[in-house]
Structure formats: structure tokens, C-alpha cells
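[1] Sequence and predicted structure below; questions after.
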Amino acid sequence: MKKKEQFNEIYNKHYQKVFRLCKGYFCGDIELASDATQEIFIKVWEKLDTFRNESSISTWIYRIAVNTCLLYLRKSSSKKEIRTESLPQIVSEAYSDEKDEQLKQMYKCIQKLEEANKIIILMILDGVEYEQIAEVIGISEETLRVRVHRIKKSLTQCVQNENI
């Protein structure tokens, strides 16, 4: 398979997951999430030849995505200009106003979590398997299960406090 065909397949399969992960990092800011997602896929394209199949392609992409989002948060003032016409367009997700407000509240609460917990919950919300999350984070699945329980409890309390 040619690099371009391989990339297009990866892009189409993983775009929405990466975009949602970025939205989680940037508190639902669609514009910033879109910019970061495009930068992530530029990195995937540039580094595709170096992928060694030591982990799944989705784990590799998540690592690039997490590192890119963290860099964006650290260096929010410096932006890299990129050409977007070469990337296929994906229809954005549309939600009702009420659902959108609930998502914004959840993103606010997620932002209050420490970095590793933020990564964990965003991946869980995206339906990523525990085994893969544990690999990305670098912890055992058992430790992950305990952390997920604590994260969910913390988020539940946060959302309830926001609704008061």
C-alpha cells in the first residue's frame, strides 16, 4: 500500500477520535481542537515511515495526539501555519443546545483533572480499550481500573457542583 493510501485510511479511521480527544483538552474549543487535529495528522504523515509496529497504529496516534495537545497548552501563543486543502474534510459533529451545554460542563470538569487522568478519561469517552489506554499511559490495567473509578467519582462530584 502506498504511503498516501495508507495515510488516507488512517486519517479517515482516526480523525473523529483524535478530534474529540483534542476538544477534551481544549475545553470544547472546536477551532483550537481542529487546528491541533490537523497538526497531529501532519505529524502522522511526516512520521508514518518511522512507525515500527511495536504498538497498534491507534496507540501510536494517541501518543502523538496527547503530546501535541500538551505542547499546544504549553505554547498556546505560538501557532504553526498549515495548509488545510490537502486534508480531506470531515463533517463536524452537531449537538442540540442542551447537549452542547452538558458537554461544555463536562469538558470544564475534565480540565480540572491532572494530565494523566485527563488523558485516561478522554480515551475512555472515546471507547478505547483499557489495554490500549494502559499501554499509552504506561500503567497496569489493574491500576488503570482503580484510577478510572476515582476519575468518574471526581467528575460526578464536579458536574453535580456545577449544576447547583
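    Cool, the structure landed. Residues are numbered from 1 along each chain as shown.
[2] what about this protein, any weak spots by pLDDT?
    76-100, 163-164 (pLDDT under 70).
[3] check contacts around the spatially most central residue of it.
    Centroid-nearest residue in the chain, with C-alpha atoms, centre = their mean: L21, separated by 2.0 Å. Contacts for L21 (C-beta atoms under 8 Å, 6 or more residues apart in numbering) come out as 62, 65-66, 69, 122-123, 126. Every residue, glycine included, has its C-beta placed from N, CA and C.
[4] Could you measure from it over to E54?
    L21 is 21 Å from E54, where distance means C-beta to C-beta, to the nearest Å.
[5] got it, and K108?
    36 Å.
[6] who's more crowded, the two?
    K108 (14 against 7; other C-beta atoms under 10 Å).
[7] Would you confirm that the more buried one contacts Q102?
    No - the criterion here is C-beta atoms under 8 Å, and K108 misses it with Q102 at 10.8 Å.
[8] mind listing what K108 touches?
    Contact partners of K108, counting by C-beta under 8 Å, 6+ apart, are 27, 158, 162.
[9] Now for the last one, how many residues are close by?
    It refers to E162. As a burial measure, E162 scores 12 neighbours (other C-beta under 10 Å).
[10] Just the helices from the chain, written as ranges.
    Using DSSP state H, the helices of the chain run over 3-25, 30-47, 57-74, 97-111, 115-125, 130-137, 141-162.
[11] Give me the buried positions along stretch 37-47.
    Buried residues in stretch 37-47, counted by 16 or more other C-beta atoms under 10 Å: 37-42, 44-45.
[12] what's the answer for stretch 119-135, then?
    Residues 119-124, 126, 128, 133-135 are the ones in stretch 119-135 that count as buried (16+ other C-beta under 10 Å).
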